[in-house]
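S.K.: Below are the sequence and a predicted model; questions follow.
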Amino acid sequence: MPLFDPTTEEQSGVLVLAGAEDARWAVESASRALPRWSQSSRHERIDLLNAMADAVEARADALTEATVAEYGGPIAQARWRAGLAATNFRIAANLLKDFTFTRRLNGTEVIAQAAGVALHIVPWNSVYNSISVKMAGALAAGCPVVVKPSEFSPWQVELFTQCLHAADVPAGVINVVTGLGNEVGTALTTDPDVRKISFTGSTAVGKMILQGSAERMQRVTLELGGKAPTIIMDDADLAEAARQALAIGFANNAQACIAGTRILVRRDRLDAFCEAIADAARTVVQGDPRDPRTTLGPLVNRRQFERVLRYISQGIAEGARPVIGGEGRPEGLDRGYFVRPTVFADVSNDMTIAREEVFGPMLCIIAYDDDEGAIRIANDTPYGLHAYILGNDIAGARAIAARLDAGRVAINGMAHEPMAPFGGFKQSGIGREYGIYGIEDHLEFKAVTGATA
Ligand code: NAD
C-alpha cells in the first residue's frame, strides 16, 4: 500500500500488508506465551514494564519525528504524546506493586486470573498512547498481546515495536500485525484463541466487532468516537473561554475523539463570543508541522481531508454561518491535506454537523438559554466520551458535571489524568481503561469455595 506524507502529498513509502495467515501466526505465538506469562511473577512484570518505559524514553526523539512526518502533528504536541507511552508503562508497574490478585470473602478465595490472549486494535490518531495504555494493562494482568495497528501509522508502529523489542520482552508476549482492518482485523477478531478484544476506533467498526464477538463471547472493550460539548458558563471571561474552547476543539491536530466540537454559549453572549473565537482562530498557525511556530498541521490523509471538506460544505448547505474559515484550502497552502480552521455559528443541535463526528478543524457554536438548557443540549448526542466546562464558578461547574453523560468531564482546561478511568457512555463505547481500570479490564474473576477448610 503506498504511503503519503500529509504535508506534501508526496509518496513517502510503501507498506507491506500482512494477511490472514500472519494473523493466525501472531495469535498462535501469543497462545504459546500464555501459560508462562499468565503465571509470571509480579516482579517480572514490573521489571518488564519499567524496561519498556525506559526503551521508549530512550528513543523519544525518533518517535516524535515519526509522528510529525507520518501524522502531521505539530512537533510540541507530538513530543508530549511520545512521552505518554512511558508514563502508561510506569503507572502500570507502580500499580502492580500492591495490586490484589487474590482476595478472601468469608470462606471463599477470589482469584483474578489473566483473561487470555488479548487483541488490541488501535487507530492512527494516537498511536503510542493507544498501544501502550492497552498493553500496560494487559501485561500487568498476565495477558500476552496481539496488536493490530492502523494501516495509516506503520512508521510510528515499527519504531515503537523496535523500542519494545529492545526491552527484551519474552518471546510471544507482544506480537504486532500490520494490515487492513477488513482482512487482518477480521481474521484476528474471529480467531477463537483471542479471549479479550480491546478496540479503539470508530463507532461503526466497534459495533461490527461487538456483534461478531457474540459468537465466541469474547470480552470486549470499546473506545469509540465522540462529539463532546464545551459549555461556556455565564460567568466565563469570553476571550479566555474562546481561546480555551478553540484549543479543546483543535486538540491533537484537530483529530481527537475527545475534542470539544459543540461549543455551547448563552444566547445573549453569542455575538461577543463569535468575535472572541474568530480573534482566537486568527492566531492559529498552519503549515509545516516541523516548524515550532506551527499550531495546526495537515489532516492525516486524503480521505480525511475530503471528508472534512464535505462536512464544511454540508454545514453551509444546512444554514450554518462560518464565523471564520469555510470551504477550500487555507491561503498559501496549495498542497498538503490542510483544511481552513472553521467555526460555525447559527448551528442547531439537530444539524448533521452537530451530531456526527467530523475529525477535523470544524467546530459548532450552539446557543442555550439557561443551565438546564445547556445540560439538555450537552447530553442530546449519541456519544458520551468527554465534556468540558469553562467558567469561574467551580461549584456550579461541578454541579453541571454531575449531570453530564460523559466518561470524563474537564473543568477549565483539558487536563489528562492517566490514573483515572477513561471510556465512554452511550455510543462512545463500553468499558474503561487507564490505571487500575486497564489492569482489571484484562482479568477474569474466579471464586474458589472451600479453600479455607
Ligand atoms: P477505524 O474504526 O476506521 O479503524 C480503527 C482500527 O480498526 C484500525 O486499526 C483499522 O484497521 C481497524 N479496523 C477497521 N475495520 C475493521 C474490522 N472490520 N475488523 C477489525 N478491525 C478493523 O478508526 P480510525 O479512522 O483509525 O480512527 C478514528 C476513530 O477512532 C474516530 O472515530 C475516533 O473518535 C476514534 N478514537 C477513539 C478513541 C477513544 O479512546 N475513544 C481514541 C482515538 C480515536
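M.R.: Sure thing, it's come through. Residues are numbered from 1 along each chain as shown.

S.K.: Could you pick out the longest helix of this structure?
M.R.: helix 75-97 (DSSP state H).

S.K.: Which neighbouring elements make contact with whatever helix or strand comes next after it?
M.R.: Where DSSP states H and E defines the elements, the next helix or strand beyond helix 75-97 is strand 102-105. Contact analysis of strand 102-105 by 3 or more C-beta pairs under 8 Å, 6 or more residues apart in numbering; DSSP states H and E lists strand 108-114 as its packing neighbours. In this view, the C-beta of every residue, glycine as well, is placed from N, C-alpha and C.

S.K.: Sheet-wise, list the partners of the strand it packs on with their directions.
M.R.: Here strand 108-114 is paired, per DSSP bridges, with strand 102-105 (antiparallel), strand 443-448 (antiparallel).

S.K.: State the pLDDT value of the closest residue in space to residue 122 that isn't next to it in sequence.
M.R.: Among residues not flanking residue 122 along the chain, residue 130 sits closest, at 4.0 Å (C-beta to C-beta, 6 or more residues apart in numbering). Note on residue 130: pLDDT of 97.

S.K.: Which helix or strand contains the closest residue in space to residue 150 that isn't next to it in sequence?
M.R.: Excluding the flanking residues, the one nearest residue 150 by C-beta to C-beta, 6+ apart is residue 124, at 3.8 Å. Using DSSP H and E, residue 124 sits within no helix or strand.

S.K.: From the ligand, how far off is residue 124?
M.R.: To the ligand, residue 124 is 5 Å away according to C-beta to the nearest ligand atom, to the nearest Å.

S.K.: Equivalent analysis for residue 51, please.
M.R.: 26 Å.

S.K.: Report how many residues lie close to that residue.
M.R.: Neighbour count of residue 51, defined by other C-beta atoms under 10 Å: 16.

S.K.: would you say it is within a strand?
M.R.: No: looking at residue 51 with DSSP: H, G, I helix; E, B strand; the rest coil, it is helix, so not inside a strand.

S.K.: show me what contacts it?
M.R.: 167-168 (C-beta atoms under 8 Å, 6 or more residues apart in numbering).

S.K.: Could I get the pLDDT score of it?
M.R.: 98.

S.K.: Enumerate the beta-bridge partners assigned to residue 322.
M.R.: residue 344.

S.K.: Pull the distance from stretch 383-399 to the chain's centre.
M.R.: Its chain's C-alpha centre and that of stretch 383-399 lie 21 Å apart, by C-alpha atoms, centre = their mean, to the nearest Å.

S.K.: Could you give the separation between the terminal residues of it?
M.R.: Using C-alpha to C-alpha, to the nearest Å, the end-to-end distance of stretch 383-399 comes to 21 Å.

S.K.: Is the ligand within reach of stretch 141-159?
M.R.: Yes: using C-beta under 6 Å from any ligand atom, stretch 141-159 reaches the ligand at 148-151.

S.K.: and if you look at stretch 281-300?
M.R.: No: Stretch 281-300 lies out of reach of the ligand by C-beta under 6 Å from any ligand atom, never closer than 8.5 Å.

S.K.: Next, the angle from whichever strand or helix holds the residue nearest to residue 122 to strand 443-448.
M.R.: Assessed by DSSP H and E, residue 130 sits inside helix 127-141. Following axes from the mean of the first three to the mean of the last three C-alpha atoms, to 10 degrees, one obtains 10 degrees for the angle between helix 127-141 and strand 443-448.

S.K.: buried stuff in helix 127-141?
M.R.: Within helix 127-141, the residues that qualify as buried are 127-141, counting by 16 or more other C-beta atoms under 10 Å.

S.K.: tell me the mean pLDDT over stretch 107-114?
M.R.: 96.

S.K.: Restrict that stretch to CA atoms and write it as CSV.
M.R.: C-alpha atoms of stretch 107-114 as CSV (Å, rounded to 0.1, in the frame of the first residue of the first chain):
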residue,chain,number,x,y,z
GLY,A,107,-14.5,-18.8,53.3
THR,A,108,-14.1,-18.1,49.6
GLU,A,109,-11.0,-17.2,47.8
VAL,A,110,-11.5,-14.8,44.8
ILE,A,111,-8.7,-15.1,42.2
ALA,A,112,-8.2,-12.5,39.4
GLN,A,113,-6.9,-14.5,36.5
ALA,A,114,-5.4,-13.3,33.2
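
S.K.: Report the buried residues of it.
M.R.: 112, 114.

S.K.: Near the ligand, which residues of this protein? Just list them.
M.R.: 121-126, 148-151, 181-182, 185-186, 189, 200-202, 205, 208-209, 223-226, 257, 357, 359, 385, 424, 429.

S.K.: Just those residues: which are in helices?
M.R.: Of the positions in the residues of the chain next to the ligand, 186, 189, 205, 208-209 sit in helices, assigned by DSSP H.

S.K.: where does residue 146 land in three-state SS?
M.R.: strand.

S.K.: any idea how far it is from residue 360?
M.R.: As judged by C-beta to C-beta, to the nearest Å, residue 146 and residue 360 stand 31 Å apart.

S.K.: So for the two, which sits in the more crowded spot?
M.R.: Set residue 146 next to residue 360 and count neighbours by other C-beta under 10 Å: residue 146 wins out with 28 against 25.

S.K.: Apart from its chain neighbours, what residue comes closest to the closest residue to the ligand within the stretch 251-400 of the chain?
M.R.: Nearest residue of the stretch 251-400 of the chain to the ligand (C-beta to the nearest ligand atom) works out as residue 257 at 3.1 Å. Spatial nearest neighbour of residue 257, chain neighbours left out: residue 226 (4.7 Å); criterion: C-beta to C-beta, 6+ apart.

S.K.: give the contact list for residue 192.
M.R.: Going by C-beta under 8 Å, 6+ apart, residue 192 touches residue 216.

S.K.: ok, what's across the strand from residue 103?
M.R.: residue 110.

S.K.: quick one on the thing from earlier: could you dump the ones in helices among the residues of the chain next to the ligand into CSV and include distance to residue 271 and pLDDT?
M.R.: As requested, those are exported to CSV (distance: C-beta to C-beta, whole Å; pLDDT from 0 to 100):
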residue, distance to residue 271, pLDDT
186, 51, 97
189, 50, 98
205, 41, 98
208, 44, 98
209, 45, 98
